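Student: sharing a model prediction with you, sequence too.
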Amino acid sequence: MARLLYPILAPLQIKAIFVNLEKGRELGKKADFLLGYRFEDHWEEPIDHLRKKLRLP
């Protein structure tokens, strides 16, 4: 629904919206499933280590 609504509400940002949607899809395909990941157990770890571990850019 947001894909249809935001271009109407922000017509000057249509190109950026669709570029970001595509980028999000690409990143989502590369990353591990994060919904069940317990981030609170890893606060002390360096962010670069977590990104590599979870295959995030």
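Tutor: That came through fine.
Student: use CA for all of it now, contacts and neighbours both
Tutor: OK.
Student: determine the number of other residues adjacent to Phe28.
Tutor: Small correction: residue 28 is Gly, not Phe. Residues lying near Gly28 (other CA atoms under 10 Å) number 14.
Student: give the buried residues for the longest helix along the chain.
Tutor: Longest helix of the chain, by residue count under DSSP state H: helix 14-30. Buried residues in helix 14-30, counted by 16 or more other CA atoms under 10 Å: Ile17.
Student: identify the residues contacting Leu54.
Tutor: If you count contacts by CA atoms under 8 Å, 6 or more residues apart in numbering, Leu54 has them with Ala31, Asp32.
Student: do you know the pLDDT at it?
Tutor: What the model reports as pLDDT for Leu54 is 85.
Student: do you know how far it is from Tyr37?
Tutor: With distances taken as CA to CA, to the nearest Å, Leu54 is found 9 Å from Tyr37.
Student: helices or strands next to the helix-or-strand element of the chain with minimal mean pLDDT in the packing?
Tutor: Sorting the helices and strands of the chain by mean pLDDT, DSSP states H and E puts helix 2-9 at the bottom, at a mean of 76. With contacts defined as 3 or more CA pairs under 8 Å, 6 or more residues apart in numbering; DSSP states H and E, helix 2-9 has these neighbours: helix 14-30.
Student: what stretches of this structure score poorly on pLDDT?
Tutor: Of all residues in the chain, none has pLDDT under 70.
Student: which residues does the least confident helix or strand of the chain contact?
Tutor: Against helix 2-9 from outside (CA under 8 Å, 6+ apart): Gln13, Ile14, Ile17.
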